[in-house]
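Novice: my questions are about this predicted structure, shown below with the sequence.
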Amino acid sequence: MSVPSATTSATPGIPRHIAIIMDGNGRWAARRRRPRVIGHRAGARAVNLCIDFCLERGVEALTLFAFSSENWGRPADEVGALMKLFLNALDREVDELHRRGARVRFIGDRSRFDAAITARMDAAESLTAGNARLALSIAASYGGRQDIAAAARALAVEVAEGRLSPADIDEAAIARHVTLADLPPPDLFIRTGGDLRISNFLLWQLAYTELWFTDRLWPDLDAATLQQALDDFAARERRFGLTGEQVAPTPATDTMAP
Ligand code: IPE
Ligand code: IPE
Ligand code: MG
């Protein structure tokens, strides 16, 4: 059996894939007695900081939770403002992301967005498809349960069409159908904003991800906080269900001598 390990990264101690819940925009604004949308606007700066950080450290994949399937239930004026910000960000940032070598993709239920947004999503994905420095996935209208349900539906279609036997539906088959199937699963999960929960983010993909939480609100994110997450990650022992002895590097025999 092959054991996935933290040392599979091109750079030892650096996660290959980081997944982030960008939370705390509303509270950031509330502390300044400003409307929530001001917090969302301020959060855009942190997105760029985070992308730069990953590019500098050689992180291969970054997945950002921008808008959940449940966030559609927020007040209409907040959802409307977020859609405007999203549209503006797509217009403003995509060329620069392309220049920086990011391959952009959007995960989630695209059918719920306006045509103006989906057209820009499609264009951003086509423009950046050939880039290889950073796989940047933006989770928008995304839910982990919906992701797993879509995988189950796709497998059911294969069975109904006689292309797959139910006996062949195993973990690998599901893993092939959930989003981000072409990437290594996240090594490190970061959530800002102080809440200790997953909030329906990548439920399948996070099975063995290292979780890291900070009270810092998303618009206040800085490189030192991200570095702290990386330092803590590098100090952790990932055991994947095995024992510490099984996964630890074997000590050189001379250090064992009395
Ligand atoms: C995260 O910030 C952004 C989105 C969910 C769109 P929030 O808007 O959830 O901010 P808080 O958690 O209310 O402070
Ligand atoms: C998770 O944050 C979703 C995003 C950051 C996009 P929420 O603010 O929606 O999560 P809960 O409601 O606190 O669990
Ligand atoms: Mg929140």
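Specialist: Sure, I can see it. Ligands and ions are numbered 1, 2, ... in the order given.
Novice: now the residue in the chain that ligand 1 sits nearest to, nearest residue through space, not along the chain?
Specialist: Closest residue of the chain to ligand 1, C-beta to the nearest ligand atom: Gly26 (2.8 Å). All C-beta atoms are positioned from the backbone trio N, CA, C, and that covers glycine. Nearest residue to Gly26, sequence neighbours excluded (C-beta to C-beta, 6 or more residues apart in numbering): Arg36, at 4.3 Å.
Novice: ditto for Leu136
Specialist: Ala102 (4.4 Å).
Novice: interface residues of this protein facing ligand 2?
Specialist: Along the chain, the residues adjacent to ligand 2 under the rule C-beta under 6 Å from any ligand atom are Ile21, Met22, Asp23, Phe65, Ala66, Phe67, Ser68, Asn71, Asp195, Arg197, Ser199.
Novice: got a quick PyMOL command for the buried subset of the residues you listed?
Specialist: To isolate the buried subset of those in PyMOL, counting by 16 or more other C-beta atoms under 10 Å, use the following:
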select buried, resi 21+22+23+65+66+67+68+71
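Novice: hmm, back to that, quickly find the element holding the residue of the chain closest to ligand 1.
Specialist: helix 25-31 (DSSP states H and E).
Novice: who are the packing partners of that helix?
Specialist: Helix 25-31 is packed against helix 36-57, with contacts defined by 3 or more C-beta pairs under 8 Å, 6 or more residues apart in numbering; DSSP states H and E.
Novice: C-terminal to the helix it packs on, what's the next element?
Specialist: Using DSSP H and E, the first helix or strand after helix 36-57 is strand 61-68.
Novice: contacts for that following strand?
Specialist: 16-22, 47, 50-51, 54, 82, 86, 107-108, 134-143, 180, 183-184, 186, 199-202 (C-beta atoms under 8 Å, 6 or more residues apart in numbering).
Novice: for stretch 166-175, same thing?
Specialist: By C-beta under 8 Å, 6+ apart, stretch 166-175 touches Ile148, Ala151, Ala152, Leu155, Val159, Leu164, Ala181, Trp204.
Novice: most centrally placed residue in this protein?
Specialist: Thr63 (2.4 Å; C-alpha atoms, centre = their mean).
Novice: related to what we said a few turns ago, I figured the residue of the chain closest to ligand 1 hits Arg41, correct?
Specialist: No. Using C-beta atoms under 8 Å as the test, Gly26 is too far from Arg41 to be in contact (11.9 Å).
Novice: on that earlier part again, inside helices: which ones of the contacts of stretch 166-175?
Specialist: Applying DSSP state H to the contacts of stretch 166-175, the entries found in helices are Ile148, Ala151, Ala152, Leu155, Val159.
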